[in-house]
Structures are given as C-alpha cells and as structure tokens.
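Asker: Here is the input, now give the coordinates:
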Amino acid sequence: MYIISIEKQTINQMPVVTFPGHIHIIDTPSRISNAVNTLREAALIGFDTETRPSFHRGERHNVALLQLSTDSDAFLFRLNKTGIPQPLKSLLEDKSCIKVGLSTSDDFHQLTRVTDVHPAGFVELQTLVKQYQITDMSLQKIYAILFQHKISKGQQLTNWEAPQLTAPQQCYAAIDAWACLRIYRYLLSGAFIPQQSPYWHEATEQE
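Answerer: Modelled structure (predicted):
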C-alpha cells in the first residue's frame, strides 16, 4: 500500500508561511455584524479556534478566539470578550455557508461550552485528505505536503486571553484558518496528483 506522509525534519527545512491578507480583530459586540456580513459574501470560509493553554492539573479555559478567513481577509473574533452573539451563532449554524476546518469536533466541543450552538455546513479536512492517500492529520504536515512551506507553531501555547494579541499571535491565528481554506481549494481543483507527490511512498509497518 502506498501513502503520503512527511517527516518533521523535512518540514523544518521549508520556508515559513506568511499570511498574505488583512487581519481584522473583532473584540467588541458592535463589530460582529459587519464582519459576519462580509464573511457571508464569501463562497468558502476557513475556520479554526484557539484556547488559552492549561499548565496545571484541573485547570480549564473556554475557547478564547474564533478565526474565520476568506482568501483575503481573516477575522479574529475574541470570544473571551464578546461571547457568541446571534449573528455569529447564525453563521456557524448556517448549513448553506460552507466552512472548512481541521479536527472540527474538538472545536465544536469547545464552542458549546461558551453557548448553545449547533455548527453546520462544515467540511472536515482530516476526512477529505484521506481520499488523496495523505495519512498525516496535522495542519502543519498537510500544508507542507501540498505547498512545501512550514506553518510555524511557535505561538500555539501563548495566552489567547491576553488584553491585546501580539502581531505574531494574530498572524498565527489567521494562517491556521486561511490554510484550511487553501488546502480545500487546492485538493478540489484537481491539481494535486497523489502519485506525483515527492512524499508518496510505500507504507511501513509503523505507518
């Protein structure tokens, strides 16, 4: 059996991804409606969330950030400051609005702890990539396989409830949602031929 997977050492030698678009911080309820209206105009939306990491036993935090991105604009909703008002809840529950994410069941679980939301219209990339013989399930590895660039994870364990998000935090959060969208578009375009991937190889027993 042949599969596609990539080693961490290979990824570390790749150039780092930069976000090519505009980042919008949504940290007050009054900004949510305009942001949602803009997102609804997009054919597809990339999706991700961030939660403040827990370093002590029994410590738990609610999701702090919701990222929704188009091809050109990433909207970072600071849920720890705004909650999930009705316009945003309606967008997440709208099955006609296609949203693309990775490991979305974990994100949904986190969101339901904030409010009673029933997400719909989502594409799960971990399911999609299996159709292309890709066995790696992390966003960083999938992106590297397809585009030969590295998504830096240096900001992952930072404080997402900080009074102000740093520029590196903003870029990291924007890239995670935008990358989901780019992966989905690329796979569905037909441009990716699994057998032509440099990471196509025969599976070992460990794999």
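Asker: What residues sit buried inside the helix ranked longest in the chain?
Answerer: In the chain, ranked by residue count with DSSP state H as the criterion, the top helix is helix 167-189. If you call a residue buried by 16 or more other C-beta atoms under 10 Å, then helix 167-189 has these buried ones: 169-184, 187. All C-beta atoms are positioned from the backbone trio N, CA, C, and that covers glycine.
Asker: and it, what other elements does it pack with?
Answerer: Here helix 167-189 touches strand 22-26, strand 44-51, strand 63-69, strand 73-78, strand 98-101, helix 125-128, helix 139-147, going by 3 or more C-beta pairs under 8 Å, 6 or more residues apart in numbering; DSSP states H and E.
Asker: wait, which of these is closest to residue 119?
Answerer: Taking C-beta to C-beta, strand 98-101 is the member of the helices and strands packed on helix 167-189 nearest to residue 119, at 7.9 Å.
Asker: where are the low-confidence patches of this structure?
Answerer: Applying pLDDT under 70 to the chain flags the ranges 205-207.
Asker: Assumed residue 96 was part of a helix.
Answerer: No: read with DSSP: H, G, I helix; E, B strand; the rest coil, residue 96 is coil and lies in no helix.
Asker: just checking, it touches residue 90?
Answerer: No: the criterion here is C-beta atoms under 8 Å, and residue 96 misses it with residue 90 at 11.2 Å.
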